[in-house]
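Participant: Generate a structure from the sequence data that follows.
(2 chains)
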Amino acid sequence: MTSSKLLSGTFQFSQWEEAQEYYLENGLTDGLPIVPPSEERVRAMLQYAGLAPNAVIGTETIRQKRFTAEKAAIAAVMAGCKPEYFPVVLAAVAAACERPFNLHASSTSTNGVTVLALVSGPYAAQIGMNCGVSLMGAGNRANATIGRAINLFKAGFYGSIPRDMDNSTLGHPGKFTFCFAEDLEHAPWPSLAQSKGFGPQDSTVTIYAANAPLQVSIYTGKAPEDFLTAVSHAMLGLGHSLSEVLVVVGGELMGYLTEARWSRQQVQDFLYQKTRRPLREWVEWHRVDHPQPGDNPDRLLGCVAEPGRITVAPGGGMAGAFVSIIPSWGGSRSITRQIQTSHTARR
Amino acid sequence: MPTQPQQSLVFLDPRDENAKPAALASRPASLDGKVIGLFSNNKPHSETMLRMIADLIGERYAIKGVLEHNKGGHQWPANKEALQEMAGKCDVAIHATAE
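Facilitator: Okay, the predicted model is just below:
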């Protein structure tokens, strides 16, 4: 049974500034000012998505919370989203409910991860997302506000508030916002959405419990074996037994992969093999927390358990031989959800 | 809360109105005659630390016994059966983490 009535509590203020201070002082924001969530703005989000306020978009079973469209819309408004961004927020928030993502533990761990949203497919361009120059940086409203909405929802509704439920030892800047799109134009490969079985017109969002990105500069040659060896060396620094690793490859290096006709799978396999090292090396590097005396020192231990846990995403500017490596928190798997757009709604 | 304004701007609350605040379990007046549950999250040394705590309790109280459970990993919640068993057999339980 759906209802058009908004169910959230309300606050009343006489001045805009008073509202800003109230949301900030009561821990309802990420520390930055917000767009105050008026009923009119929240309804515009819901109307765009064609959802009633009480529509349940997911149920998170550990904390037993039902995520409603209304609360997601409030977060989207607060973050500064346009209504056309809201389908991406909805898909990401719904994905966070899936058990393998492990939202509760990743939201409380000292490890300090954020929710990273990677958008693949044509909808990213339709709403003006940035997949090029400075795709992880500031300056694009869609990237900035979609990522912020997801993390505001996690804090405000789910309760992952620093020093309360969120016990990140260090945290990282991506906890404000961490969202970007895959570059479909400068890659010889099908989109990540297609690689997961969706059609060329479908768009998806994949969420990761992401640690901070590690940027690597590689000007040592055009051969994929050469620059990917440098990538693998940087990955080793992140440790073994990571849940997943997202590798964002900038335009210049994507050009070299294209010239060499390397597939996405080849890149994954190469990085996987290069980051499998004998246990004794990890122990020598002091990267095994509690070595067991009986362990075989020659046993190979990888950064990740299998090549499929390395995602390779083209993105960034055309100039500069850079790669960004983003590790996932150990107890979480990435989740991909289709974005419900007018294209999908027609089918 | 904000005072009642003359000119009213009304904005919505992002929080979960259905959230139940976590409450501490009631504490017994004494641990004499009680069964103590030790609930490890499998972090290294967590069982060691829990046993040390149980030993200290045993020095101060005439406890009836100790029941241990290791939930197998710190990243996931305990299974319902284990929780029910501990709730059924223990008077108090201690959940702890260590490294």
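
Participant: quick one, strands of the chain?
Facilitator: All of this refers to chain A. When assigned using DSSP state E, the strands of chain A occupy the ranges A:10-13, A:56-60, A:65-68, A:114-120, A:179-181, A:204-210, A:214-217, A:245-249, A:277-278, A:300-301, A:310-314, A:322-327, A:335-338.

Participant: Can you look at chain B instead?
Facilitator: B:9-12, B:35-40, B:65-70, B:92-96.

Participant: Lowest mean pLDDT across the ones you listed, which one is that?
Facilitator: Looking at the strands of chain B, the lowest mean pLDDT belongs to strand B:92-96 (a mean of 88).

Participant: can you pull the contacts of whichever residue of the stretch 151-300 of chain A sits closest to chain B?
Facilitator: As assessed by CB to the nearest CB, chain B sits closest to A:Gly156 within the stretch 151-300 of chain A, at 3.5 Å. (Each C-beta comes from the backbone N, C-alpha and C, glycine too.) Contacts for A:Gly156 were tallied using CB atoms under 8 Å, 6 or more residues apart in numbering or on different chains; they are A:Leu28, A:Thr29, A:Lys71, A:Ile74, A:Ala75, A:Met78, B:Pro14, B:Arg15.

Participant: For the closest residue to it other than its chain neighbours, give its distance to A:Val115.
Facilitator: Leaving aside its sequence neighbours, A:Gly156 sits nearest to B:Pro14 (CB to CB, 6 or more residues apart in numbering or on different chains; 3.5 Å). Separation of B:Pro14 from A:Val115 (CB to CB, to the nearest Å) stands at 16 Å.

Participant: Who has more neighbours out of these two?
Facilitator: A:Val115 (28 against 25; other CB atoms under 10 Å in any protein chain shown).

Participant: what is that one paired to in the beta sheet?
Facilitator: A:Ala209 (DSSP bridges).

Participant: again, but for the one 5 residues further on
Facilitator: Partner residues in beta bridges with A:Ser120: A:Thr204, with DSSP bridges as the criterion.

Participant: same question for the longest helix along chain B, mean pLDDT?
Facilitator: Determined from DSSP state H, the single longest helix within chain B is helix B:46-60. What helix B:46-60 shows for mean pLDDT is 93.

Participant: what's the angle from that helix to strand B:65-70?
Facilitator: 170 degrees (axes from the mean of the first three to the mean of the last three CA atoms, to 10 degrees).

Participant: From what I see, A:Gln20 and A:Leu32 are in contact.
Facilitator: No: A:Gln20 is not in contact with A:Leu32 according to CB atoms under 8 Å; the separation is 9.9 Å.

Participant: With adjacent residues omitted, what lies nearest to A:Trp262?
Facilitator: Nearest one to A:Trp262, counting by CB to CB, 6+ apart, is A:Pro224 at 5.1 Å.

Participant: If you could redo that for A:Thr275, that was the one I meant.
Facilitator: Nearest residue to A:Thr275, sequence neighbours excluded (CB to CB, 6+ apart): A:Cys303, at 4.0 Å.

Participant: That neighbour: what's it in contact with?
Facilitator: A:Cys303 is in contact with A:Met235, A:Leu236, A:Leu238, A:Gly239, A:His240, A:Ser241, A:Leu242, A:Val245, A:Tyr272, A:Thr275, A:Arg276, counting by CB under 8 Å, 6+ apart.

Participant: Sort out which of those are in helices and list them.
Facilitator: Those of those lying in helices (DSSP H): A:Met235, A:Leu236, A:Tyr272.

Participant: neighbour-wise, which of the residues you listed leads?
Facilitator: Of the ones in helices among the contacts of A:Cys303, with other CB under 10 Å as the count, A:Met235 tops at 26 neighbours.

Participant: Enumerate every residue touching that residue.
Facilitator: Taking CB under 8 Å, 6+ apart as the test, what A:Met235 contacts is A:Val245, A:Leu271, A:Thr275, A:Cys303, A:Ile325.

Participant: In those, find the pair that's most separated.
Facilitator: Between any two of these, the greatest separation by CB to CB is 10.7 Å, found for A:Thr275 and A:Ile325.

Participant: Please work out the average pLDDT along stretch A:128-144.
Facilitator: 98.

Participant: got the contact list for that stretch?
Facilitator: A:80, A:82, A:85, A:119, A:124-125, A:127, A:146, A:177-184, A:213, A:248, A:251, A:315-318, A:324.

Participant: Out of those, which end up buried?
Facilitator: Neighbour-count burial (16 or more other CB atoms under 10 Å in any protein chain shown) applied to these gives A:80, A:82, A:85, A:119, A:124, A:127, A:146, A:177-184, A:213, A:248, A:251, A:315-316, A:324.

Participant: Among the residues you listed, which lie within helices?
Facilitator: A:Ala124, A:Ile146, A:Gly251.

Participant: so how far is chain B from the residue lying closest to A:Tyr219 once chain neighbours are set aside?
Facilitator: Of all residues not flanking A:Tyr219 in the chain, A:Ala321 sits nearest, at 5.3 Å (CB to CB, 6+ apart). Distance of A:Ala321 to chain B, given as CB to the nearest CB, to the nearest Å: 36 Å.

Participant: looking at it, A:Ala321 is touching A:Met254, isn't it?
Facilitator: No: applying CB under 8 Å as the test, A:Ala321 and A:Met254 come out as separate, 10.2 Å apart.
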